[in-house]
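Enquirer: What follows is a protein structure lacking sequence information:
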């Protein structure tokens, strides 16, 4: 249905996007998005949706406003469902009203989906409630983008200075001297608490507290630039007491996640919850086999085996794709014992109605073999569905112990052909703190694109690995593992990175370098 939806994307944290906006994004034929709209929102879009970036950064307009208006009208008249994704709220300094007027004039139906405005969210993440009974009972949202060379300001500075309201200035960093001078000239005390919040609610969130009189110099000294909000009022004094988001140990630290895109979400979520800026750079991808006949044959003759050992979630998914294709279910495993290497693999089996008979405490071949031998696997027939390219230690040691082992490839892992430029630039700019590796293949394929020397030259990049085998592969490239998971699982890897970041933060605080 032809319609334009003016969507508020919120201030940047994907969790603050409304359910209504997410639903529309998932159905839209066309998505037109701004600079301040988090690109992560594009993951909600249809794979076949037309995507247009029309952002404006520092006065550089990718597409002028009249052209944006024309694009919306053009797409609507072509019968498209259009999602116009705007940072914050469309009607709060977002020019949404102008776009709506153009749509009305062109006879195009539209709807507005309000978003969480940064004027509320960014201060809240910085520990600044914009209203508080002890300080104020009103708030003003003001543009800070007024031309300082104008003969007369259109803003009522006397009203702002004497109102006792919290003042929130949008787009005011470049004009800070002009804003603060006008406030003080209108009667506001230069000692009034003031704050800047840059990239509020995102992983790059940063705040600065000073006074109205000292803020211009402080902002310049600390390198504050757009996009930032300028907040003025007594409520700013609560920042130190109520600050919560800025205590996250990974806030502002870049973490490269090299897992396959299908598997990366858990690690990204765990790290992002602690403030990390996650760069997804999948070093491998999971690919189906060209010929699944052997897998289907094995699935149809499970009664030939005493044990089936699943070594990964991918192995479970790919094997059960053939089980399902045969019209079978968990009952096909009747009388067969099942081993799962890792809790995630056990959970994947549970979702198929199977409970693992064996889940080792440690996920290395020696420990797995020891546990299985204790369960009498030595003279049994064993099927191991796994990747075509994988370490042979487990099947070899089981065979040495007397088991009749059949290794069954059920999927392929292969390198991902992608441009490493974004990662290289982020490393050189000092924006990457950790690079994570969850297997030997992620190490090999990552360094096929990114030279180890790039990490070494940066001097501040740490490597985080899931276990000693991966660490051994890393050593082949002249790098040691700075962080290693206590258990060989994704949650344990995330915990190890978070603990390391906390330790670094504590050390920095102790030396005054944090």
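Expert: Structure's in. What do you need? All figures in this text were calculated on a predicted structure; none of them were measured in a lab. Residues are numbered from 1 along each chain as shown.
Enquirer: Let's test this: mean pLDDT of the helix or strand where residue 509 lies, rounded?
Expert: Using DSSP states H and E, residue 509 sits in helix 490-511. Taken as a whole, helix 490-511 has an average pLDDT of 91.
Enquirer: Could you report the distance from residue 17 to residue 400?
Expert: The gap separating residue 17 from residue 400 is 54 Å, by CB to CB, to the nearest Å. For every residue, glycine as well, the C-beta is placed using N, CA and C.
Enquirer: So for the two, which sits in the more crowded spot?
Expert: Remark: of residue 17 and residue 400, residue 17 carries more neighbours, 24 against 11, as counted by other CB atoms under 10 Å.
Enquirer: Now do the phi/psi pair for the nearest residue to that one once chain neighbours are set aside.
Expert: In space, and not counting its chain neighbours, residue 17 is closest to residue 10: 5.3 Å by CB to CB, 6 or more residues apart in numbering. With angles defined as degrees, to the nearest 10, residue 10 sits at phi 80, psi -180.
Enquirer: Just list whatever residues bridge to residue 10.
Expert: According to DSSP bridges, the partner residues bridging residue 10 are residue 88.
Enquirer: count of neighbours near residue 506?
Expert: Other residues near residue 506 come to 12 when the count uses other CB under 10 Å.
Enquirer: Count the neighbours of the residue nearest to residue 17 for me.
Expert: If you count neighbours by other CB under 10 Å, residue 10 ends up with 27.
Enquirer: quick one, what contacts the residue lying closest to residue 387 once chain neighbours are set aside?
Expert: The shortest distance from residue 387 to any non-neighbouring residue, by CB to CB, 6+ apart, is to residue 413 (5.1 Å). Taking CB atoms under 8 Å, 6 or more residues apart in numbering, we find residue 413 in contact with 260, 284, 285, 286, 287, 387, 388, 389, 441.
Enquirer: Which helix or strand contains residue 413?
Expert: With secondary structure defined by DSSP H and E, residue 413 is part of strand 404-415.
Enquirer: and residue 25, helix, strand or coil?
Expert: When states are read from DSSP: H, G, I helix; E, B strand; the rest coil, the local structure at residue 25 comes out as helix.
Enquirer: wait, it sits on residue 44?
Expert: Yes - the pair residue 25 and residue 44 passes the contact test of CB atoms under 8 Å, sitting 4.3 Å apart.
Enquirer: So between those two, which is more surrounded?
Expert: When residue 25 is set against residue 44 and neighbours are counted by other CB under 10 Å, the residue ahead is residue 25, at 24 against 20.
Enquirer: buried residues in stretch 96-107?
Expert: 96, 99, 100, 102, 103, 106 (16 or more other CB atoms under 10 Å).
Enquirer: List just the nearest of those to residue 498.
Expert: residue 96 (38.7 Å; CB to CB).
Enquirer: mind listing what the closest one touches?
Expert: Counting by CB under 8 Å, 6+ apart, residue 96 makes contact with 6, 86, 89, 90, 112.
Enquirer: and the last one, that's in a strand?
Expert: Yes - with the criterion set as three-state DSSP, the secondary structure at residue 112 is a strand.
Enquirer: got any ranges where the stretch 301-450 of the chain has weak pLDDT?
Expert: 363-365 (pLDDT under 70).
Enquirer: Which parts of it are strands?
Expert: Assignment of strands within the stretch 301-450 of the chain using DSSP state E, counting those that start in this stretch yields the ranges 307-310, 337-340, 381-387, 404-415, 432-437.
Enquirer: contacting residues around the third one?
Expert: In this case it means strand 381-387. By CB under 8 Å, 6+ apart, the list of residues contacting strand 381-387 from outside reads 295, 298, 302, 304-312, 314-315, 318-319, 394-395, 398, 403-413.
Enquirer: The helix holding residue 509 packs against which elements?
Expert: The criterion is 3 or more CB pairs under 8 Å, 6 or more residues apart in numbering; DSSP states H and E, and the helices and strands that helix 490-511 contacts are helix 264-272, strand 432-437, strand 462-465, strand 483-484.
Enquirer: what's the last one packed up against?
Expert: Strand 483-484 makes packing contacts with strand 462-465, helix 490-511 when contacts are defined by 3+ CB pairs under 8 Å, 6+ apart.
Enquirer: so which of these gets nearest residue 73?
Expert: Of all these, helix 490-511 comes closest under CB to CB, at 46.3 Å.
Enquirer: where does that closest one sit relative to the chain's centre, distance-wise?
Expert: Using CA atoms, centre = their mean, to the nearest Å, the mean C-alpha position of helix 490-511 is found 19 Å from that of the whole chain.
Enquirer: Kindly report the same for stretch 35-52.
Expert: 14 Å.
Enquirer: quick one: buried residues of it?
Expert: By neighbour count, and taking 16+ other CB under 10 Å as the criterion, the buried residues in stretch 35-52 are 35, 36, 37, 38, 40, 41, 44, 45, 49, 52.
Enquirer: can I assume the first one sits in a strand?
Expert: No - read with three-state DSSP, residue 35 is coil and lies in no strand.
Enquirer: Could you check how far it is from residue 5?
Expert: Residue 35 is 19 Å from residue 5, where distance means CB to CB.
Enquirer: Please apply the same query to residue 99.
Expert: Taking CB to CB as the measure, residue 99 and residue 5 are separated by 11 Å.
Enquirer: Touching both of these two, which residues are there?
Expert: Each of residue 84 lies in contact with both residue 99 and residue 5 under the rule CB under 8 Å, 6+ apart.
Enquirer: Name the SS class of residue 286, please.
Expert: Criterion first, three-state DSSP; result for residue 286: strand.
Enquirer: Which residues does it form beta bridges with?
Expert: Applying DSSP bridges to residue 286 gives these bridge partners: residue 413.
Enquirer: pretty sure it contacts residue 312?
Expert: No - with contact defined as CB under 8 Å, residue 286 and residue 312 do not form a contacting pair (9.5 Å).
Enquirer: For residue 411, grab the count of nearby residues.
Expert: A total of 21 residues lie near residue 411 under the criterion other CB under 10 Å.
Enquirer: check contacts around the nearest residue to it once chain neighbours are set aside.
Expert: Among residues not flanking residue 411 along the chain, residue 318 sits closest, at 4.4 Å (CB to CB, 6+ apart). For residue 318, the set of contacting residues under the criterion of CB under 8 Å, 6+ apart consists of 286, 288, 289, 295, 385, 410, 411.
Enquirer: got CSV for those residues, with distance to residue 417 too?
Expert: Compiled in CSV, these are given as follows (distance: CB to CB, whole Å):
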residue, distance to residue 417
286, 15
288, 18
289, 20
295, 26
385, 27
410, 23
411, 18
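Enquirer: Out of these, which two sit at the greatest distance?
Expert: Taking CB to CB as the measure, the contacts of residue 318 reach their widest spread between 286 and 295, a distance of 14.4 Å.
Enquirer: No further queries at this time; thank you.
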